[in-house]
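Peer 1: Task: produce atomic coordinates for the following.
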Amino acid sequence: MNEMLRIENIRKTFSSGDETLHILNGVHLSLNAGETISITGESGSGKSTLLHILGGLDTADSGSVYIDGTDITQLDETSLSELRNRKIGFIFQSHYLLEEFDAVENVMLPFLINTYDKKEARRKATELLVKVGLGERLSHHPSKLSGGERQRIAIARAFMNDPSLILADEPTGNLDAKNAQRVAELLFDLSRDRGHALIIVTHSLTIAAMSRQHYVLHGGLLVKEN
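Peer 2: Prediction:
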């Protein structure tokens with residue numbers, strides 16, 4: 001299978017006064033195209049830090065992160081930004097939608113950064129919103145939508161550029177149990193059907209069990225659960 005992501009010996013520390021906190025102590029991981037991985041762990045264990053390093057939003061003290069064979073730790077900021085937009089789709093606990101834009105316009109944005117083809121961007125955004133069950137909410141602004149609907153827009157936006165890798169950081173953390181289950185199922189189904197690799201950080205063991213592999217981040221290391 002095609003290896004989409006490989007991380008080697010990722011280490012990260014934080015300093016607090018005279019104390020040095022070892023958050024990541026040599027993390028290794030490999031993920032193929034189309035595979036799904038969930039990561040759980042106690043609050044403060046470094047789950048989000050790890051995910052941000054994988055996505056190039058934070059830097060490790062040492063180690064390498066390969067995405068489609070490119071070590072992103074060696075890229076300059078311009079090249080890294082271009083790779084993030086083409087290869088990675090992000091979904092966060094907060095949806096980060098722009099209130100002045102409607103649903104379609106919010107989903108169009110990543111595509112327009114790559115190519116200013118508004119007609120094609122609107123077509124793809126509309127198609128994705130229909131897939132996530134929001135075909136009748138295309139012209140609605142975020143303030144007129146429920147929390148679950150806003151997060152489904154965020155999911156559609158993450159898939160807009162057909163990224164190789166989807167990184168989801170507590171994507172259901174702000175939702176009630178019913179909406180959390182629906183959003184999680186949608187995310188896993190889309191990733192599987194479209195052949196994207198997915199890493200999801202979650203506190204929910206129910207959601208973690210939906211992934212092909214489940215890891216716990218403990219003591220700065222990833223421990224495989226299944």
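
Peer 1: mind listing what's buried in the helix or strand hosting residue 121?
Peer 2: Here residue 121, judged by DSSP states H and E, is contained in helix 118-131. Going by neighbour count (16 or more other Cβ atoms under 10 Å), the buried part of helix 118-131 is 121-122, 124-126, 128-129, 131. For glycine as for every other residue, the C-beta is placed from the backbone atoms N, C-alpha and C.

Peer 1: Could you do stretch 63-74 as well?
Peer 2: For stretch 63-74, by 16+ other Cβ under 10 Å, it's 63, 65-68, 72-73.

Peer 1: excluding its backbone neighbours, what's nearest residue 222?
Peer 2: Nearest residue to residue 222, sequence neighbours excluded (Cβ to Cβ, 6 or more residues apart in numbering): residue 215, at 4.5 Å.

Peer 1: ok, longest helix in this structure?
Peer 2: Counting residues, the longest helix found in the chain (DSSP state H) is helix 177-194.

Peer 1: most centrally placed residue in this protein?
Peer 2: residue 167 (1.8 Å; Cα atoms, centre = their mean).

Peer 1: beta partners for that one?
Peer 2: Beta-bridge partners for residue 167, by DSSP bridges, are residue 90, residue 199.

Peer 1: Tell me the spacing between it and residue 197.
Peer 2: Distance, residue 167 to residue 197, by Cβ to Cβ, to the nearest Å: 9 Å.

Peer 1: Could you do residue 156 as well?
Peer 2: With Cβ to Cβ as the criterion, residue 156 and residue 197 are 18 Å apart.

Peer 1: Next: residue 17.
Peer 2: Distance, residue 17 to residue 197, by Cβ to Cβ: 39 Å.
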